[in-house]
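Chemist: build the 3D model from these lines:
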Amino acid sequence: MQVIAVANQKGGVGKTTVAVNLGAALAGMGFKVALIDLDAQANATQVLYHHLEETERGICEVLLDEGLVDEILVHTQVNGLMLAPAGESLANADINLVSMIGRELVLRNALKGPIVKEFDFILIDTAPYLGLLTVNALVVADYVLVPVSCEFLPLLGLKFLLETVDKIRHKLHPELEVLGFILTMYDRREKITFQVEKLLQERFGNLMFDTRIRVNTKQKGAPAQRATIFEYERSRSGKGTEDFTGLAEEVLSRLKGGLQDGK
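Modeler: Okay, the predicted model is just below:
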């Protein structure tokens with residue numbers, strides 16, 4: 001099992017889009033995938049499942065009760081992709097985690113159930129800030145995948161994210177690795193796209209994915225239909241389908257152990 005946290009403390013860079021569609025792409029290749037929605041906005045839950053009612057247990061309740069993710073996993077419309085959903089209660093999770101013993105390890109413990117262990121991949125959609133929920137995601141992850149939109153402001157936040165990753169390596173999880181940086185909202189018509197691309201390439205070199213997630217009107221429309229890009233485009237030649245298939249193939253090629261096609 002490989003655990004990948006999709007993280008960037010800057011909001012609006014496409015974390016949920018990457019997490020949902022990367023999960024769908026890997027599932028489409030025959031792998032068993034679980035997506036954990038660890039963002040209080042619960043956008044991944046809205047796309048893949050439905051709005052959680054107050055009476056429904058989600059990831060927040062599991063963490064605060066020190067339960068197992070196994071208890072809340074639900075099937076999605078994508079064959080092979082399951083979801084640990086989030087509700088509005090997740091907004092207060094950081095505050096409640098502060099007083100818990102081993103607060104940085106709560107998610108790690110919640111992933112010790114027998115059902116979770118059967119998955120090939122666990123993807124974690126994180127919040128757009130570096131709170132305890134995101135720290136929990138990084139502590140349990142084997143890798144962190146960083147979406148960066150083609151704007152200057154997201155670049156400024158990378159310093160703090162990488163500093164957090166280094167601190168977690170030194171104090172809690174020395175095996176954590178950066179899987180790579182993926183450029184999102186890529187638009188060749190914009191000069192800033194190439195400026196950001198050049199800056200990242202100079203700074204991170206081989207950690208940059210070759211795939212680019214291009215600006216795509218269908219990609220914007222898919223969440224409103226509660227669909228992944230693969231369901232919404234319904235075409236192998238669709239721009240979004242091509243981009244996320246390419247990203248999934250690159251992720252597989254980068255992972256330790258050289259996982260083969262799950263089919």
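
Chemist: which pLDDT value belongs to Glu233?
Modeler: According to the prediction, Glu233 has pLDDT 86.

Chemist: hmm, I typed the wrong one, I wanted Gln225.
Modeler: 86.

Chemist: how about it: what's its closest non-neighbour residue?
Modeler: Nearest non-adjacent residue to Gln225, counting by C-beta to C-beta, 6 or more residues apart in numbering: Tyr232, 6.1 Å away. Heads up, the C-betas are built off the backbone N, CA and C, glycines and all.

Chemist: what about the one you found, distance to Asn216?
Modeler: Tyr232 sits 10 Å away from Asn216, taking C-beta to C-beta, to the nearest Å as the criterion.

Chemist: show me what the helix or strand harbouring the residue nearest to Gln225 packs onto, helices and strands only.
Modeler: Using DSSP states H and E, Tyr232 maps to helix 229-233. Judged by 3 or more C-beta pairs under 8 Å, 6 or more residues apart in numbering; DSSP states H and E, the packing partners of helix 229-233 are helix 15-28, helix 217-221, helix 239-254.

Chemist: out of those helices, deepest packed?
Modeler: Mean neighbour count, computed with mean count of other C-beta atoms under 10 Å, is highest for helix 15-28 among the helices and strands packed on helix 229-233, reaching a mean of 27.

Chemist: helix or strand right after that one?
Modeler: strand 33-38.

Chemist: what's the offset of the next helix or strand after that next one from the middle of its chain?
Modeler: Downstream of strand 33-38, the next assigned helix or strand under DSSP H and E is helix 43-48. The chain centre lies 12 Å from the centre of helix 43-48; the measure is C-alpha atoms, centre = their mean, to the nearest Å.

Chemist: any idea how far Leu156 is from Lys198?
Modeler: 16 Å.

Chemist: next: Ala86.
Modeler: Here the criterion is C-beta to C-beta. By it, Ala86 lies 27 Å from Leu156.

Chemist: just name the shakiest helix or strand of the protein by mean pLDDT.
Modeler: In the chain, the helix or strand scored least confidently by mean pLDDT, DSSP states H and E is helix 217-221, which has a mean of 80.

Chemist: now Tyr183, what are its backbone angles?
Modeler: Wrong residue type there; residue 183 is Leu, not Tyr. Dihedral angles of Leu183 (phi, psi; degrees, to the nearest 10) stand at phi -80, psi 130.

Chemist: do you know the pLDDT at it?
Modeler: The model's pLDDT for Leu183 equals 95.

Chemist: look up the residues forming beta bridges with it.
Modeler: Leu183 has these beta-bridge partners by DSSP bridges: Val148, Arg212.

Chemist: wait, Leu176 touches Tyr143, no?
Modeler: Yes: with contact defined as C-beta atoms under 8 Å, Leu176 and Tyr143 form a contacting pair (7.5 Å).

Chemist: picking that back up, neighbours of the residue nearest to Gln225, just the number please.
Modeler: 22 (other C-beta atoms under 10 Å).

Chemist: which helix or which strand is home to Pro114?
Modeler: Pro114 belongs to no helix or strand, assigned by DSSP H and E.

Chemist: what is the neighbour count of it?
Modeler: 8.
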